[in-house]
Each structure stands twice: as C-alpha cells, then as structure tokens.
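Enquirer: pasting a predicted model and its sequence here:
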2 protein chains.
Amino acid sequence: MPFDFAPLFPATLPPPAVRWTGAPKYNFVGGNNDPDEIPLDGLIAAAQSVMSREGRTLATYGLNSGPQGYRPLREFLAHKLNRDAGMGCTADDILIVSGSLQALDLVNSALLSRGDTVIVEKDNYQGSLNRFTKLGVAAVGVPLDKGGMRMDALEAALKDLKARGVTPKFIYTIPTVQNPTATVLDESRRARLLALADEYGVPIVEDDCYADLVWSGQRPPALHAMSNAGNVIHVGSFSKSIAPALRVGFIVAPWQVMSRMLSLKTDAGSGALEQMVLAEYCKPLFATHVPALRKGLRKKVETLMEALNEQFGTAAEFDDPKGGIFLWVKLPDNVDSLKLYQAALKEGVAINPGPEWSTDKAHSQSRIRICFASPSHQEIRDGIAMLAEVCRREFGVPARSANVTKAGP
Amino acid sequence: MPFDFAPLFPATLPPPAVRWTGAPKYNFVGGNNDPDEIPLDGLIAAAQSVMSREGRTLATYGLNSGPQGYRPLREFLAHKLNRDAGMGCTADDILIVSGSLQALDLVNSALLSRGDTVIVEKDNYQGSLNRFTKLGVAAVGVPLDKGGMRMDALEAALKDLKARGVTPKFIYTIPTVQNPTATVLDESRRARLLALADEYGVPIVEDDCYADLVWSGQRPPALHAMSNAGNVIHVGSFSKSIAPALRVGFIVAPWQVMSRMLSLKTDAGSGALEQMVLAEYCKPLFATHVPALRKGLRKKVETLMEALNEQFGTAAEFDDPKGGIFLWVKLPDNVDSLKLYQAALKEGVAINPGPEWSTDKAHSQSRIRICFASPSHQEIRDGIAMLAEVCRREFGVPARSANVTKAGP
C-alpha cells in the first residue's frame, strides 16, 4: 500500500491537475507565438557572444547585477520604455521576473489581502481573474466598448464602491491590446482614467504585455508615462515580442512597492541565461524584429477573419483587432461556449470559452477567444471549418458554411 | 506628492528589501559556485546545437513537453537518478521547477497549513527555516552528530510529538551533504529514518541539492530509492553541479502530490532555454564535468581549512566536510556570530551567522557558515585573515594568528 498523502493536503488546495497528453491538433488557446517568427539566428548568435564574454558570472546568483535582474537587460528595457511608451524610468526602477505571471503574483502579494476589491475590465485575462479568485479578492468588472474600458462605467463603479465604503486596492487594466477584446485605450481615455484614479485615491496596475503588437506600431503612451502621481505599477513581458517559453517579464514600480516585491521574490533570481540572451539580442535587433513579427501576426489574423466569415458568416461577430494574438468572437445567443469548447476539443479544436475570460458570465456565455499566432494559416482554415462543423452539430449555427447550406443537428 | 502605497500593504507583508549595493569583497555567503568551474565551452556548444535543432519550439509555452518541463531534461534526470542515487523514477515522475527554492515552495504549499509542525535537522538551511516561519509552521529541530541527523533524537522527537497529539506533516532532511554541517547520513541511518517515518506515518521531503558534490563520488542511495512506502518527495537542483544563476531544479514525487503541485505552479513553465541547454549539455558531459568540479571544490576547502588553522588556530573548530560548498565552524563561546557578521561586513567580509541557520539559537550563537566555492584561493586566505582580525578586535579571539601573538581588543 503506497503512502496516502491525501489526508495531509490543506483544505484550500486547488483540485489536482490532469496528466498532460499533448497539444490539440488545432490549438487556438494559450499565448503561444508563431514559431516561424522566433528570431532564431539572432538568439543563437546572442547566446554565443554573451556566454563567451560573461558566462562565468553564471556561477553567481543574480550574476553581478543583484536581485533586480541582469543590468544590461534592465538598461535595454529602460531605453525601450522611454522610446516606445514615453516612460521616464531607469534600470533601477525595473525588476526582472519569471514571466509576467510572476509579476502579477508579486504585485498581488504586495498589495492584496483576502476580502479586498479590485476593479478590472469586465472581459479579462483568465490568469488574472483566477488569481483574484484564489486570493479571495472581489474583481468588479467595468464594461468595454470598441475603445476599451468605458470611462463612464469606471466612474460609476468607483462612485458606487465609495458609496458602499469600499476603496478598491487598485484598478487592474490592460489598456494596450486588451485581453481578450484587443482594444486599445486612446490617449484621452488614458488621461480620464488617471484623473479618476487620482480623484478616488486608487492606484493602477498596467498590464502592458501585448503593447509591442499594435499593428500600426504606434502605441499610445503608457499610463505609467502619463501619470504625475507615481501611482502606476507597470508590468511587461518578452513572451509576446520574442518567445513565451523564455519566461522573462518585468515590473516598473516605485521603490516603495519594489522593495516589498523584492522581499517577496524568494526565488534567488530569475533565469540568468534567458536574461543574458535577451539583452544581447534585443539591444541591436528588437526594433527591427518586432515590426516583422507584427506583419506576420497581421497576416494570421486576416486568415482567421476570412475563415470565420467563410465558415460562420454573420453568426460570428467580431471587431478587427488593433493588434495582438487573439480575437474575441461573439456567436449567436443560443451557443453555450463552455459546451462548444468541450465538443470542439473532442474533435481536436481548442478554444477559450468566454465565461473563463469575463467577470460577467451571462455576457460572455456565447463568446469565445481564438488565439491565432501559433497555428499555421492552413491550420487556422481547417480548424475554423471544424469548429463551425461542431457548432452547427451542437447548436444549429452557422446554418451555412462556405456558401453551402448544411443540414441542422 | 507621490502616491503613498503604504496604507495598501497587508499587515503580514515582510519588511522591505534594502537596495543592493554590490557584492562584498570577500563573499563567503550564498550558494555561489566557482566561476572557473562553469563548463562554459560545453554550455555554449549545447546552446548552439539545441537552439539550431529545436529553437522554434520556444514559441510554445512549455515547449512540446507540457507542464512538467522539457522532456529530454527529465529523461536525463531519470537516467542520472537511477545511476547515481538508485532511484527507479521515470521522466513522468519528475517536475522541472525554477530552482529548488520553487520546489520547496510547491512542496510546502501542497502539504502545509498554518499551525502545522515539521521535523528538521536542528542546524539547517536558512531558506527552508525562513519558509516554515513565514507559513506559521513549527519546525522541530533534531540534533546532528558527525554522521548527520541522530536517529535516537529523531525517535525521541516523534515520540514526544505523538504524546502531545501532534503528527508532523513531514520530515524535511538534507541527508547528503547536509546544509550547513556537510554531514552525510550513511545507509544504515537512512534505513532507520525510513523505518521511523513509516512507523509514525510521516512522509519525508529529501532535499538532495548537494548530493553530486560528495568528494568520494560515492553517494549513498537516496531515501527516495530506499523507500518501499512511496512516502519520499525528492528535491534536486542544477545550481550546485552546473551553475546557480540558471535557476533549474526538480521534484520527484508520486502523482498524487505531483498533480497538486502542478495546480499550484501557475507560472506557465520554468525557463525553457535553460532547460534545453542543460539537457543538451548534461546528457553527454555531466558525468565528466562533476568529478572535475568536485576536485576544484575540494582544493578550495583545503585552502579554507588551512587558512582557518593558520589564522584561528584552535579557536575555530570544524569537521573536514564530506563534500559541498560550505564549512560549519564553531568559534569560542564568547563570540556572538551575529555581531561578528556585522563587524566583518563592514570590513568587506560576508559570513553566515549561526542563529540564521539553526532552530537552536543558543547552540548556533557562536557558529558560522563559510561558503568557499566562489572566492579564489587568495581571497579565501585574505578574507579569513581579515575575519580573524575582526574577531580578535571584537571578541579577543583568536589571540594568535599565523603564529604571531596579537594584542587584545
């Protein structure tokens, strides 16, 4: 009889994971990137040169840069954030972390207690929503429109909470290529958001993970850059711009918060080789790599939108996204996206069901998130055709695909 | 007036970190390794070959290996753990993590609740003791002798806890090159430890981080290997055998616990590039690299022991360590190691004061831990001379150094 660990598990433990059995054939979930766009030659050359020059520092925790991360990478980031996002930060204001998920964990641990309230965009990143739930933190969702978070609704939410004696701990927002809506908050809404935050004494956590992927290449200034109050914590990542498996993200924060997050970051530093390779690669090549990546991703989303139009017709509603790697799609009201998700998975098609990506389960019930960066153009076409097939079988829509009327379920 | 985050911090937040201002001149703390022993050419070649062959998989979270980590690295580990430690595990039993610190966090999160009790070696790794304290878990220390944890004392502790109605959640042990005592538990004590664990229904967490660094190259079989009950969770790392800055560790655990830890590991995988490079390097070269590393480390500790004998004479007591990267040194009873630590740091010498490495503050009060892998031979000699100087100034001992009587304080 093997030892039974079950009686030892704390009551609050999340349910066990299931064994991983490989990726689905048509994988439209997860923030995976386009394998063809990995700048492989550049990364290999960078690994060779930085390791040859500085590899012996791998013998020391944190290299010779201390707990905030490899200094040349922080210097590149300071330069990039100044140039692209208008931020006036320096390397000393930046903490390198193991992906933006660790960033979110550190920010949450530094600022949140059970029973707290935060404000979020109503449709939102599943990983963030799950984190708030686990921490026992109430996430108040603010509706979005084509321009991102609605400022009238934010004001109403702040006013309502104040009337109830609740001061939210922070406003968590993804203003630039919002996940999952792919909206971009324009500069005037940003100013309004900052004014409201200031008025109500609520800081902002700006999740900037997708900001490099605005098709136009012209992102608005970061909230962090526009803030006079120093009330914005800025989170970013290399997952979307270079490669997700590297697990390198960063936080820009005032020292008052940074010093607390450093105490909470008890992992003896994030992976040094990845930091070294990224710094070496990015300094000369990031600025030319990213436009090429955006071009490739734009072609992918065009293939996806064509496939949806062809297979779903008017049954699939979506806005042409402003950038990024995902599309937020509205299906007819009778489609239960959780059921569609399960039925499609059996046919090898993985999608994100709306209710996992929203604080409003009714609103999101017939919505799905489709990630388009990783599958090939052909896989996008074939996968969406299969999804339409499953959706028709389960829900009777779309009635027609590729201009051919199909039998109902 | 910048925004004040202080009112937002949870009451339980640890104190803020202080700004990093660089490493001390004589750095005898931290698990840093010998920069000259980093197998740099091999790692560079491995990076080149694995990235050329598989680099495009960096576009996918977890590569093509799922959440347990890069499969070729898990396969190498399974082979190595079978060969060196007698463990019958396969790649499916292994979870790759971001350093053994994340391993400890995952094990603790899966098994511990506030108010729990664990059993540990009395002198112990600071990082583990701090983790238990933070979690509100009582760590009951079992004394060690030259052979590691004393089994009579362990039995007494288990009996005493049972009499008080307490079942410890687990026995946390570093049986092979114990930190900080550098003792190795022999096979008969291991058998006794397993029998006691079985008798009292308590599982074991085996921290095996230093096991590659037994001078003789002949480590005893792992507790995990000797257990029939499947009650051992085994934790390891590449920090000591290859390079600490890489942040790659691993856990071998039954699926019942593994599946819980996977649910808790919400970081979307550990750094993939480091896993790829390690796997590519280790498969052909680990077995020849490690003996060379051990030889270099053995020379370092001989320099350290000579320097201590020369500078401290009989005032410094220690056992010739069985392996590893640190020496646990007893100074005269009137030496307060916390004060020595502070005084020495002002002179550029960093050491670990005993009370931070023990559950027994009185026992450890005049003890210090000295890490010898990172400083050069000359730095070891100069740093120990400076430490003796400071110790004499503060505590009047050693009275003589290098055969020269010195004036008292």
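Expert: Alright, I've got the coordinates.
Enquirer: what secondary structure does residue A:205 sit in?
Expert: Three-state assignment for residue A:205 (DSSP: H, G, I helix; E, B strand; the rest coil): strand.
Enquirer: list the contacts of residue A:377.
Expert: A:299-300, A:303 (Cβ atoms under 8 Å, 6 or more residues apart in numbering or on different chains). Backbone N, C-alpha and C define where each C-beta goes, glycine included.
Enquirer: okay, it: pLDDT?
Expert: Confidence at residue A:377, expressed as pLDDT, is 98.
Enquirer: do the same with residue A:138
Expert: In this model, residue A:138 is scored at 98, pLDDT.
Enquirer: state the distance from it to chain B.
Expert: Distance of residue A:138 to chain B, given as Cβ to the nearest Cβ, to the nearest Å: 16 Å.
Enquirer: chain neighbours aside, what residue packs nearest to that residue?
Expert: In space, and not counting its chain neighbours, residue A:138 is closest to residue A:117: 4.6 Å by Cβ to Cβ, 6 or more residues apart in numbering or on different chains.
Enquirer: any low-confidence regions in chain A?
Expert: Residue ranges of chain A with pLDDT under 70: A:403-409.
Enquirer: quick check: longest helix of it.
Expert: Longest helix in chain A by number of residues (criterion: DSSP state H): helix A:272-312.
Enquirer: so how far is it off the chain centroid?
Expert: Relative to its chain's centre, helix A:272-312 lies at 14 Å (Cα atoms, centre = their mean, to the nearest Å).
Enquirer: where do the strands of the stretch 301-409 of chain A begin and end?
Expert: Secondary structure of the stretch 301-409 of chain A (DSSP state E, counting those that start in this stretch): strands at A:326-330, A:349-350, A:352-353, A:367-371, A:400-401, A:404-405.
Enquirer: which residues does the residue nearest to residue A:138 contact?
Expert: If you count contacts by Cβ under 8 Å, 6+ apart, residue A:117 has them with A:137-140, A:161, A:166-169.
Enquirer: of these, which is the most crowded?
Expert: Within those, most neighbours by other Cβ atoms under 10 Å in any protein chain shown means residue A:168, with 24 neighbours.
Enquirer: would you check that that residue makes contact with residue A:142?
Expert: No - judged on Cβ atoms under 8 Å, residue A:168 makes no contact with residue A:142 at a distance of 10.8 Å.
Enquirer: got the angle for the longest helix of chain A vs strand A:367-371?
Expert: When axes from the mean of the first three to the mean of the last three Cα atoms, to 10 degrees is applied, the directions of helix A:272-312 and strand A:367-371 differ by 130 degrees.
Enquirer: which strands and helices sit next to helix A:272-312?
Expert: Applying 3 or more Cβ pairs under 8 Å, 6 or more residues apart in numbering or on different chains; DSSP states H and E, we find helix A:272-312 packed against helix A:40-54, helix A:71-85, strand A:326-330, helix A:377-395, strand A:400-401, helix B:272-312.
Enquirer: looking at the ones you listed, which is buried most?
Expert: strand A:326-330 (a mean of 23; mean count of other Cβ atoms under 10 Å in any protein chain shown).
Enquirer: taking strand A:367-371 as reference, get the angle to it.
Expert: Counting by the same axes, to 10 degrees, strand A:326-330 lies at 160 degrees to strand A:367-371.
Enquirer: check whether strand A:326-330 comes near chain B.
Expert: No - judged by Cβ under 8 Å from any Cβ of the partner chain, strand A:326-330 and chain B are separated, with a smallest distance of 14.3 Å.
Enquirer: may I have that strand as PDB, with CA atoms only?
Expert: Extracted in PDB, the C-alpha atoms of strand A:326-330 (Å, rounded to 0.1, in the frame of the first residue of the first chain):
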ATOM      1  CA  PHE A 326      -6.300  36.800 -30.200                       C
ATOM      2  CA  LEU A 327      -9.700  37.500 -31.400                       C
ATOM      3  CA  TRP A 328     -12.800  37.900 -29.200                       C
ATOM      4  CA  VAL A 329     -15.800  36.400 -31.100                       C
ATOM      5  CA  LYS A 330     -19.500  36.700 -30.400                       C
END
